[in-house]
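build me a model from this:
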Amino acid sequence: MSLTEFIGRSRDPQRSLEGRKVRLTGFVTAGAKPGEWYLNRLVVSCCVVEARRLRVLVHAVGATPPADSWVDLTGVWKPNAGAPATSAP
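Next up is the predicted model:
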């Protein structure tokens with residue numbers, strides 16, 4: 001699944017990702033806490049100067065992959081307890 005689709009579906013009020021395994025690919029950057037890191041992709045619309053970063057926070061058991069390494073990640077989405085509830089338009 002692309003990070004664009006994953007991020008969009010993670011905000012779905014119907015929780016279409018809940019309980020489903022997903023596989024994402026991206027590069028690693030450090031998180032703020034031990035055991036947390038980010039999976040990142042760059043989206044280019046027109047040219048590299050306009051690239052924007054998409055990122056997903058990963059809570060993992062075990063060692064964090066090295067920064068800037070590319071990984072295939074398989075896991076289960078869990079809603080962020082601190083996030084505000086969204087509603088359908």
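
any idea whether F6 is helix, strand or coil?
Under DSSP: H, G, I helix; E, B strand; the rest coil, F6 falls in the helix class.

how far off centre is the strand ranked longest in the chain?
Longest strand in the chain, counting residues (DSSP state E): strand 21-30. Mean C-alpha position of strand 21-30 versus that of the full chain (CA atoms, centre = their mean, to the nearest Å) differs by 6 Å.

in its sheet, which strands sit next to it, and in what direction?
strand 36-43 (antiparallel), strand 70-76 (antiparallel) (DSSP bridges).

redo those as CSV? Include mean neighbour count and distance to T64.
(C-beta placed from N, C-alpha, C; glycine too.) Converted to CSV, those look like this (neighbours: other CB atoms under 10 Å; distance: least, CB to CB, whole Å):
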stretch, mean neighbour count, distance to T64
strand 36-43, 17, 5
strand 70-76, 12, 10
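
which of these sits closest to T25?
Shortest distance between T25 and the strands paired with strand 21-30, using CB to CB, is found for strand 70-76: 5.2 Å.

got a list of contacts for the closest one?
Residues external to strand 70-76 that are found in contact with it (CB atoms under 8 Å, 6 or more residues apart in numbering): 19-28, 39, 58, 65.
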